[in-house]
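Novice: This is a predicted model, with the sequence first.
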Amino acid sequence: MLEFIPLLDKNNGVPIYVQLFQYIKQKIEDGTIPEGSFLPSVRYLSAQLRISKNTVDSAYQQLVAEGYVASRARIGLIVLPLEQPVLSSILQEIKHKPKVLLDNKAETFEYDFKYGDIDVNSFPHDIWKRCLTKALTNEPDLLLNPGERQGDIGLRRELMNYLFQSRGVNCSEEQIVICSGTQHALSLIIQLFSIGDRSVAMENPSYDVAQTVFNNHGWSIKPIRLEQDGIDIEQLQKIETKVTYITPSHQFPYGMVLPIQKRLSLLEWANQNSSYILEDDYDSEFRYQGQPIPSLKALDEEDNVIYLGTFSKSFSPAARVSYIVLPQNLIDVYNHTYVNYNQSVSPIIQKGLYIFMNEEHFTSHIRRMRKVYQKKHQTLINALNKYMGRHIEIIGQNAGLHLLVRIKNNMSTKDLVKKAKKLGVRVYDPSFYCLNEKEIEPSLVMIGFGGISEEKIDKGILLLQKAWFSNES
Ligand SMILES: Cc1ncc(COP(=O)(O)O)c(C=O)c1O
């Protein structure tokens with residue numbers, strides 16, 4: 001039997017039957033309720049949701065009237081195939097979805113400045129193996145149990161302390177939810193707002209994965225311009241939206257760090273506008289210049305910020321572990337919505353990570369990785385300055401594992417990427433992350449340095465100089 005867990009809010013001005021109708025309609029449109037399924041009986045659903053039978057009946061009548069379901073004698077309401085107009089509007093939507101970066105695995109490059117890789121040689125394999133073995137030896141039940149719904153309590157407590165010390169986030173363990181990556185975290189959050197306006201403001205350009213998640217959930221994206229120091233708050237203030245996704249510690253992909261004054265204005269606006277801000281703090285551990293700035297969540301006195309963190313940069317993207325810090329005011333809604341969901345990250349991995357943090361390996365690992373990345377970062381900056389000097393401009397170099405470079409040789413980004421490829425060097429086109437193609441800045445390339453050795457960084461940049469500035473190439 002289909003289980004419905006709509007978030008019905010008596011105080012939001014929309015009649016409950018309309019909210020229920022919209023919830024079921026959305027589930028039919030996105031395929032969660034497939035063609036041929038039977039809706040629960042009116043009596044069953046009214047008892048389950050503790051609303052009147054009339055309310056359920058009205059929602060069902062509306063679904064019948066709009067052709068989503070039909071009555072079958074003595075059985076109930078059956079979900080019909082999606083009508084062509086609905087299907088074609090979905091297909092139409094797909095056309096506007098962000099481009100997909102084809103993972104061209106066949107193509108390998110001697111010098112790959114890929115974004116997203118970490119330094120594999122520094123990964124503490126032996127310690128991690130010991131933590132996993134300990135987890136299994138001390139708690140063999142982990143193999144037989146799905147674990148706590150919000151995530152391992154020990155891991156959540158470790159995260160609570162870590163976030164307080166490193167990011168100034170003051171939260172309780174009830175506010176923390178463990179997820180299997182940022183896209184999973186975003187999907188969970190989005191579904192908390194499935195009723196009412198489904199639009200999100202995003203920096204332009206912004207993280208492609210987040211764009212895809214919003215698109216897949218049928219949300220519309222409102223692009224917000226970037227200024228030298230991050231999101232244009234004045235433009236944001238003019239836009240009607242209750243949710244904003246932002247990367248304030250290291251704008252993705254431009255790399256600027258949102259200054260404290262802008263953070264405070266953003267929070268004030270969110271509070272006055274009763275909006276939520278989704279703060280994606282994906283690589284805050286690695287900062288090379290300037291004073292550390294507290295996270296937005298640390299400054300969020302009115303509880304408008306939903307914080308997203310990940311172990312993908314600080315530990316390994318293969319762990320598939322990330323976390324949400326919910327505002328207090330969303331804890332009940334979260335628990336109500338996901339009451340019968342299981343935790344998605346294996347308890348074995350979570351317990352291993354708990355031990356890794358509890359025995360202080362995580363702190364030492366971050367300390368060590370800061371030095372590793374600092375050296376790579378310095379090598380990259382030195383090489384860029386040494387080989388291309390005044391012919392380039394480096395953008396967003398204060399933090400993270402990538403930066404952008406503006407190449408002043410009148411070539412388009414496409415040509416820059418092509419020429420580099422010819423010499424065995426891969427650099428990336430940041431316009432891929434733009435929300436509207438017209439705003440693409442020419443002559444910019446994206447260079448990731450997490451996974452490439454210092455030696456290769458230097459050689460790779462020298463080759464780029466040849467590719468872009470020498471007449472022979
Ligand atoms: C902006 C941004 N957010 C989050 C992440 C991490 O995503 P996940 O936790 O799914 O690995 C990345 C990783 O590359 C990123 O670039």
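Specialist: Ah, there it is.
Novice: Every contact and neighbour count from this point should use C-alpha atoms.
Specialist: Fine.
Novice: my read: V213 touches L188, true?
Specialist: No: V213 is beyond contact range of L188, at 10.2 Å (criterion: Cα atoms under 8 Å).
Novice: okay, how far is it across stretch 353-363, tip to tip?
Specialist: Taking Cα to Cα, to the nearest Å, stretch 353-363 runs 12 Å from one end to the other.
Novice: Quick one: mean pLDDT for it?
Specialist: Average pLDDT, stretch 353-363: 98.
Novice: Let me know the secondary structure of V177.
Specialist: strand (DSSP: H, G, I helix; E, B strand; the rest coil).
Novice: residues touching it, list them.
Specialist: By Cα atoms under 8 Å, 6 or more residues apart in numbering, V177 lies in contact with 150-151, 156, 323-326.
Novice: ok, and which of those residues reach the ligand?
Specialist: Contacts with the ligand are made by none of these, judged by Cα under 6 Å from any ligand atom.
Novice: Which one (most neighbours) among these?
Specialist: Most neighbours among the contacts of V177, by other Cα atoms under 10 Å: V325, with 27 neighbours.
Novice: Quick check: P81 touching E35?
Specialist: Yes: counting by Cα under 8 Å, P81 touches E35, with 5.2 Å between them.
Novice: hey, C-alpha coordinates of stretch 269-289 in PDB?
Specialist: Provided in PDB are the C-alpha atoms of stretch 269-289 (Å, rounded to 0.1, in the frame of the first residue of the first chain):
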ATOM      1  CA  TRP A 269      17.300  39.800   4.700                       C
ATOM      2  CA  ALA A 270      16.500  36.100   5.300                       C
ATOM      3  CA  ASN A 271      15.000  36.900   8.700                       C
ATOM      4  CA  GLN A 272      12.900  39.800   7.400                       C
ATOM      5  CA  ASN A 273      11.800  37.800   4.400                       C
ATOM      6  CA  SER A 274      11.200  34.500   6.400                       C
ATOM      7  CA  SER A 275      13.500  32.700   4.000                       C
ATOM      8  CA  TYR A 276      15.800  29.800   4.500                       C
ATOM      9  CA  ILE A 277      19.400  29.900   3.400                       C
ATOM     10  CA  LEU A 278      21.100  26.700   2.400                       C
ATOM     11  CA  GLU A 279      24.800  27.200   3.300                       C
ATOM     12  CA  ASP A 280      27.000  24.700   1.400                       C
ATOM     13  CA  ASP A 281      30.300  24.800   3.400                       C
ATOM     14  CA  TYR A 282      31.900  22.100   1.200                       C
ATOM     15  CA  ASP A 283      35.700  22.900   1.500                       C
ATOM     16  CA  SER A 284      36.000  25.300   4.400                       C
ATOM     17  CA  GLU A 285      38.800  23.300   5.900                       C
ATOM     18  CA  PHE A 286      41.300  24.600   3.400                       C
ATOM     19  CA  ARG A 287      41.900  28.300   3.600                       C
ATOM     20  CA  TYR A 288      45.300  29.800   2.600                       C
ATOM     21  CA  GLN A 289      45.000  33.600   3.000                       C
END
